[in-house]
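Participant: Turn this into a structure:
(chains A and B)
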Amino acid sequence: MRRIRTYGDLEGPDRSGLGEQLALQRRRVDRRMKAVGVVLGVASGKGGVGKSFVAAALASALARGKGSAGLLDADLNGPTAPSLLGLPRRSLSVTNDGVVPPVDSAGLRVFSTDLLLEDGEPLRWRGPAAEGSPWLGSLEKGAFREFLSDVSWAKLDVLVVDLPPGAQRLVELAELVPKRSRVIGVTIPTSASKAAVARSLRAAGDRGLPIAGIVENMSGYACEGCGAVGPLHPGDAGDALARELDLPLLARIPFDAAAAACAERGDMKGVLASRAGREIAALAERLGREGSP
Amino acid sequence: MKFLCIDCDEQMSFGERQLPGDGTLAAVFRCPACGREVAMLTNPMETQVVSSLGIKIGGREVPEQPLELVRSSLDGGLDEALAEPPETSVTSPGSSPVAWSEAATGRLEAVPSFVRGMVKRIYTDYAKEHGIHEITPEIMDRARTDLGLEGM
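Facilitator: Model prediction:
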């Protein structure tokens, strides 16, 4: 059999430049993230635990504190950050430095696919749909990468990243911003939530992402009248996860109808003044003290 | 990816790239010893798998634009979501160092407005780099092939 020279045998350049282009993309992320102190991923592993609410309120509390903060809504298919923060629709300037994100009244810089889509329209990508669109995962990872590298985040003490359910984007965060990222896991008290959050946090740990701790959301129901917190969901996922993973339980946030009403109309100042919001503000302070953001 | 002319045992060199606009791609390679040419033809799925990485097949000729992958891949983005700087907005001949012919402007108007500003910026930069004073549909075709602008 004749011997055909291999790829490595040929000394001429590889015209595709694929490796170089991927390295250049990585350098763009590095350059942008150098101006960010900490990238704080907010992960849950499952939907319906109020993670986006916690991420938006936490970012808002951080922006109202001593430092500067941004919020990247990485839930590409279910973006909610602009509406939670009451951001009006307006065109975003594209400059040579990147896309200028909207800034809310507290100085929080925000980016989300919601800013790029028509009201109520789903995220749709152009491309051949045959065989289940195997390119979709790469494209969504690429979009996440561009949101990190191509948005003019400016100098931030902390960039909060609202991660979608599941571990995929968490893994991508570990890959794209390995040195500056931390994660907090948000759970509700139930055992199903505990299992999903544990999976995600273990995936984060496997990738070397430091985990700042656990937040138990909907941890009881705050009475609108007297403020007392009564039972809501069964279970003790916050405590159990903290024990099992040897992590601090950073906060217990009760379900609070007043906070929900404020979030519904995009009034984050009102959210932070509520019973639940005060817990989130205390969480922001704690993270600041402990150096996570 | 490299191509080897087996008869000559020589690495083939890149000749040209063509993007017919149907999602496929043709890249021509030539043997420097015997002159034989081969064309690598990718189907739309193969082209998309590579471009979804934000990679330009055949190498990148111009710097990556902000949110280039998102803007060139998003279907039905909000028209007024992004505003390009004024100097790259559509201008008439004579009002800019690089003018757009009526036919080229018409073709640009057919590009979804969500991505139009970026496409215009790329074509304008290409024209400036090549000393072209007026962009015509022919120039757009040439730039598209030279720069590997699939979907633009």
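
Participant: now the strands: where do they sit in chain A?
Facilitator: A:36-43, A:69-73, A:92-95, A:98-99, A:109-112, A:156-162, A:181-187, A:211-222, A:229-230, A:249-255 (DSSP state E).

Participant: For the fifth one, name the packing helices and strands.
Facilitator: Packed against strand A:109-112, as judged by 3 or more CB pairs under 8 Å, 6 or more residues apart in numbering or on different chains; DSSP states H and E, are the following elements: strand A:69-73, helix A:81-84. Where C-beta positions appear, they are placed from N, C-alpha and C, glycine not excepted.

Participant: Turn those into JSON lines, including mean pLDDT, mean neighbour count and distance to chain B.
Facilitator: Formatted as JSON lines, the entries for the helices and strands packed on strand A:109-112 read as follows, by pLDDT from 0 to 100; neighbours: other CB atoms under 10 Å in any protein chain shown; distance: least, CB to the nearest CB, whole Å:
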{"stretch": "strand A:69-73", "mean pLDDT": "98", "mean neighbour count": "28", "distance to chain B": "13"}
{"stretch": "helix A:81-84", "mean pLDDT": "95", "mean neighbour count": "23", "distance to chain B": "12"}
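
Participant: for those, which one sits closest to B:Gln18?
Facilitator: Distances from B:Gln18 to each of the helices and strands packed on strand A:109-112 were compared using CB to CB; the minimum, 38.1 Å, belongs to strand A:69-73.

Participant: Export that closest one to CSV, keeping only CA atoms.
Facilitator: Provided in CSV are the C-alpha atoms of strand A:69-73 (Å, rounded to 0.1, in the frame of the first residue of the first chain):
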residue,chain,number,x,y,z
ALA,A,69,-22.2,45.8,38.4
GLY,A,70,-23.5,44.3,35.2
LEU,A,71,-26.1,41.6,34.4
LEU,A,72,-25.7,39.2,31.5
ASP,A,73,-28.9,37.3,30.8
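
Participant: Confidence-wise, which helix or strand of chain A is lowest on average?
Facilitator: For chain A, scoring each helix and strand by mean pLDDT, DSSP states H and E identifies strand A:229-230 as the least confident one, at a mean of 84.

Participant: quick one: strands adjacent to it?
Facilitator: In the sheet containing strand A:229-230, the strands it pairs with under DSSP bridges are strand A:211-222 (antiparallel).

Participant: Return the set of buried residues in the strand it pairs with.
Facilitator: Within strand A:211-222, the residues that qualify as buried by neighbour count (16 or more other CB atoms under 10 Å in any protein chain shown) are A:211-222.

Participant: For that strand, C-alpha coordinates in CSV please.
Facilitator: Coordinates of the C-alpha atoms in strand A:211-222 are reproduced here as CSV (Å, rounded to 0.1, in the frame of the first residue of the first chain):
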residue,chain,number,x,y,z
ILE,A,211,-18.8,27.7,44.2
ALA,A,212,-19.6,30.6,46.5
GLY,A,213,-22.5,28.9,48.1
ILE,A,214,-26.2,28.1,48.0
VAL,A,215,-29.3,30.3,48.0
GLU,A,216,-32.6,28.8,48.9
ASN,A,217,-35.4,30.7,47.1
MET,A,218,-39.1,30.5,47.9
SER,A,219,-38.0,29.4,51.3
GLY,A,220,-41.4,29.8,52.9
TYR,A,221,-44.1,32.4,52.3
ALA,A,222,-43.8,35.9,53.7
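
Participant: A:Arg32 is in contact with A:Ser149, isn't it?
Facilitator: Yes. Here A:Arg32 reaches A:Ser149: they are 4.8 Å apart, a contact under CB atoms under 8 Å.

Participant: quick one: which of the two has more around it?
Facilitator: A:Ser149 (23 against 20; other CB atoms under 10 Å in any protein chain shown).
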